[in-house]
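In: 3D model of this:
(one chain, ligands or ions: 1)
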Amino acid sequence: MLILNTALADVKLIQPKRFGDNRGWFTEVFNQNSFRDAHLPAQFVQDNQSFSTRGVLRGLHYQLGQPQGKLVRVLSGHIWDVAVDLRRNSPDFGKWAGFHLKPLTDEGEIHSLWIPEGFAHGFLVLSETAEVLYKTTNLYYPQGERSILWNDPTLNIAWPLDALNGVAPSVSPKDAQGKAFLEADLPPV
Ligand SMILES: Cc1cn([C@H]2C[C@H](O)[C@@H](COP(=O)(O)OP(=O)(O)O[C@H]3O[C@@H](C)C(=O)[C@@H](O)[C@H]3O)O2)c(=O)[nH]c1=O
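Out: I've put the predicted structure just below:
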């Protein structure tokens, strides 16, 4: 299992080793020791799965009180996944990074994304449908959930909207009322 650096120091791409044989293939998608060796949190308490259609944009989400680190992977389809560093004491504060994520079965695209606590997370579905599965380091805490507007001008995230052929992203009513980055309650540092 390779743990690869990204443009954001604490966000990692996880590339598992895949073993092919005449039956098909096998891979470990999470290994606690590999995470520990890489000094990443290795304790997850919740697994989430969502199904979405093309153009659905979920995010940008984070939780106060019970921050969630997320280990994200795609089971089917193709998404553009975004992490935004909300930790005021971080050199990457206010920076974002985007990643094309595809299923582990696609040659050359075998990775999950590790997003630590203190980040906001969102994704845009680029395929007809997409199923996304992610483990979290803390439980869902509805009182603490927060949303920052996906198209916040300060963050200026370069969502790959061209792939939607002029159709606007589809967001939930809650996300349509997300806060501007400069007005958001950010996690304590
Ligand atoms: C996130 C979550 C939602 N729910 C419920 C609440 C609600 O009725 C329904 C749909 O919730 P949402 O609209 O918040 O779902 P969604 O917009 O998919 O929210 C998710 O977005 C991605 C980007 C993340 O990073 C996740 O942490 C989570 O915030 O599911 C739970 O029961 N447990 C959970 O952990």
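In: any idea how far stretch 7-20 is from the chain center?
Out: Centre-to-centre, stretch 7-20 and its host chain are 13 Å apart (C-alpha atoms, centre = their mean, to the nearest Å).
In: gap between the two ends of that stretch?
Out: One end of stretch 7-20 sits 31 Å from the other (C-alpha to C-alpha, to the nearest Å).
In: Stretch 5-21 too?
Out: First-to-last distance for stretch 5-21 - C-alpha to C-alpha - comes to 30 Å.
In: same thing with stretch 140-157?
Out: Its first and final residues considered, stretch 140-157 spans 26 Å by C-alpha to C-alpha.
In: got it, and stretch 138-154?
Out: 28 Å.
In: Show residues contacting that stretch.
Out: 45-46, 57, 59-69, 84, 94, 117, 120, 122, 155, 157, 159, 169, 171, 174-175, 177-182, 184-185 (C-beta atoms under 8 Å, 6 or more residues apart in numbering). No exception for glycine: its C-beta is placed from N, CA and C like everyone else's.
In: Give me the buried positions along that stretch.
Out: Asn138, Gly144, Arg146, Ser147, Ile148, Leu149, Trp150, Asn151, Asp152 (16 or more other C-beta atoms under 10 Å).
In: so is Leu124 in a helix, a strand, or just coil?
Out: Counting by DSSP: H, G, I helix; E, B strand; the rest coil, the backbone at Leu124 sits in strand.
In: quick revisit: list the ones among the contacts of stretch 138-154 that fall in strands.
Out: Of those, the ones assigned to strands by DSSP state E are Gln46, Leu57, Gly59, Leu60, His61, Tyr62, Gln63, Val84, Ala120, Gly122.
In: The last one against Ser52, yeah?
Out: Which is Gly122. No. The pair Gly122 / Ser52 is not scored as a contact, 11.7 Å apart, by C-beta atoms under 8 Å.
In: neighbour-wise, which of those two wins?
Out: Taking neighbours as other C-beta atoms under 10 Å, Gly122 and Ser52 compare with Gly122 leading, 26 against 19.
In: Quick check: bridge partners of the more buried one?
Out: Beta-bridge partners of Gly122, counted by DSSP bridges, are Val82.
In: measure it to Gly24 for me?
Out: Applying C-beta to C-beta, to the nearest Å, the value for Gly122 to Gly24 is 33 Å.
In: what's the answer for Lys17, then?
Out: Separation of Lys17 from Gly24 (C-beta to C-beta) stands at 15 Å.
In: what comes up buried for the helix or strand where Ser50 lies?
Out: Taking DSSP states H and E as the criterion, Ser50 maps to strand 46-53. For strand 46-53, the neighbour count (16+ other C-beta under 10 Å) marks Ser52 as buried.
In: Over to stretch 150-170?
Out: Trp150, Asn151, Asp152, Leu155, Ile157, Trp159, Leu161, Leu164, Pro169, Ser170.
In: Equivalent analysis for stretch 76-85, please.
Out: For stretch 76-85, by 16+ other C-beta under 10 Å, it's Gly77, His78, Ile79, Trp80, Asp81, Val82, Ala83, Val84, Asp85.
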